[in-house]
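A.B. asks: 3D, please:
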Amino acid sequence: MRRIIKSDLIVLPNGIFDGFIVLEDGKIAEITETLPEGEIIDVTGNYVMAGFIDIHTHGGGGFSFTESSPDEIVDGCVFHMTHGTTTIVPTVTTGPFPIMREAVKNIAIAKQNPLVRNLYGAHMEGPYLSPAQCGAQAPGHITEPKPEEYISLVEETGNTIVRWTYAPERDKNGKFCKFLKEHGIVASAGHTDAKYADMALAIENGLCLVTHLYSCTSTVTRDHGFRSLGVIESTFLRDDLYAEIIADGKHLPPELVRMIVKIKGIDRVAAVTDSLSVAGSPATCGVMSGVEYIIEDGVAKLSDRSAFAGSVATADVLLRTLVNECGFTLSEASTMLSATPAKLFGLNKGKLEIGLDSDIVVLNKDFEVQKIIIGEVYTTKKQD
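C.D. replies: Next comes the predicted model:
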């Protein structure tokens, strides 16, 4: 089917465009100032953007991606879709490995449901993390990489796992990272106390991403006066690393977000929600893999208030934060929300560009989602 989106606020990589986007066979066929033939979807006065790609989210709408049935995972993905997330990578939280394994299987089942046109694959966050940087991850289940666990899981679930967060300093000789690379899984350093030597070895074996930079990532340390770079400085030093940031306006202040982008470049920073199951729900507290947290000041905190536990944001909230609080243009925000994660995972989407998938979100001037298009499926109303 041939459809034409009309707007004076089309967000392209190089700025705002007034004209038409032609959609055909699930792709962007044309971007033009001249009225083409076809069914017109007139959204003049609304922003038209590439659909958001959230590569780190633990749940939403009251549904956890770790401790839910396939149907509940579907509901969580649909919830995020109504907030503009046209591609989602559900995160499996550290816990007993049999529970993590079951969660991946449930995500694989959910992916077959036609309602979740936005589900791309699973993100394993742990259990191969640093106890010193566990954050809200259950410390009792953190271990070093165990080949008997990860090899059988990947073999059993095929291509369901698309990303794995781990602590490079716990990966002897880079064996686990190399395994991920060989199986097409994005290797990401997170919840880690790594030093530069650990990071350099990991990069040699395929590491390309850092999970929520500045959240549970090491910094410069000194040993008898001699300084060693941590994960944060390694991320800035190495151009071959992408930086993921939680852009909810709580985890990182605007000036720190601007500094990260200034150092790394706009096309090396991916904005994520890291949202918990309570995002979009009236809940004031919750439990994630046995770790209790509270909702306060618009963010999830560990129950003792010693650290953040995750966010309660959705992707449209990230857009408001990046534009209204951090001062980025809509094109720059779109790069971090869509183009950069698409490039990281090799997806044919993430920009309004001829030949790419027609994953599109329409928002009013308050950045509230009005319409969603994923491929050839057109949703005219949010399903709150």
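A.B. asks: mind checking pLDDT for the closest residue to residue 132 other than its chain neighbours?
C.D. replies: Nearest non-adjacent residue to residue 132, counting by CB to CB, 6 or more residues apart in numbering: residue 193, 5.0 Å away. The C-beta positions use only the backbone N, C-alpha and C, and glycine is treated the same way. Listed pLDDT for residue 193 reads 97.
A.B. asks: residues touching residue 193, list them.
C.D. replies: 130, 132, 133, 167, 169, 218, 230, 231 (CB atoms under 8 Å, 6 or more residues apart in numbering).
A.B. asks: could you redo the last one with a cut-off of 6 Å?
C.D. replies: 130, 132, 133, 218 (CB atoms under 6 Å, 6 or more residues apart in numbering).
A.B. asks: same question, residue 270
C.D. replies: By CB under 6 Å, 6+ apart, the neighbours of residue 270 are 244, 340, 341.
A.B. asks: element containing it, please.
C.D. replies: strand 269-272 (DSSP states H and E).
A.B. asks: now do the residue nearest the centre of the chain against residue 88, distance only.
C.D. replies: By CA atoms, centre = their mean, the chain has its centre lying nearest to residue 55, at 2.2 Å. Noted for residue 55: a distance of 8 Å to residue 88, by CB to CB, to the nearest Å.
A.B. asks: and what of residue 334?
C.D. replies: Taken as CB to CB, the span from residue 334 to residue 88 is 17 Å.
A.B. asks: what mean pLDDT does the next helix-or-strand element following the strand holding residue 270 get?
C.D. replies: Counting by DSSP H and E, the next helix or strand C-terminal to strand 269-272 is strand 285-288. Strand 285-288 shows a mean pLDDT of 78.
A.B. asks: cool, stretch 172-188 as well?
C.D. replies: pLDDT averaged over stretch 172-188 gives 97.
A.B. asks: list the buried ones in that stretch?
C.D. replies: 174, 176, 177, 178, 179, 180, 181, 185, 186, 187, 188 (16 or more other CB atoms under 10 Å).
A.B. asks: columns secondary structure on top of those, output as TSV?
C.D. replies: Formatted as TSV, the buried residues of stretch 172-188 follow (DSSP: H, G, I helix; E, B strand; the rest coil):
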residue	secondary structure
174	helix
176	helix
177	helix
178	helix
179	helix
180	helix
181	helix
185	coil
186	strand
187	strand
188	strand
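A.B. asks: nearest to residue 140, of the residues you listed?
C.D. replies: Nearest to residue 140 out of those is residue 176 (CB to CB; 20.7 Å).
A.B. asks: nearest residue to that closest one in space, please, no chain neighbours.
C.D. replies: That would be residue 145: by CB to CB, 6+ apart, it lies 4.0 Å from residue 176.
A.B. asks: got a list of what that neighbour touches?
C.D. replies: 128, 171, 176.
A.B. asks: hmm, back to that, the residue nearest to the centre of the chain looks like it's in a helix, true?
C.D. replies: No: according to three-state DSSP, residue 55 belongs to no helix; its state is strand.
A.B. asks: how much space separates it from residue 245?
C.D. replies: 12 Å.
A.B. asks: same deal with residue 67?
C.D. replies: Taking CB to CB, one finds residue 67 at 26 Å from residue 245.
A.B. asks: ok, now residue 18?
C.D. replies: 31 Å.
A.B. asks: between those two, which is the more surrounded one?
C.D. replies: residue 245 (25 against 11; other CB atoms under 10 Å).
A.B. asks: residues contacting the more buried one?
C.D. replies: Per CB under 6 Å, 6+ apart, neighbours of residue 245: 213, 252, 271.
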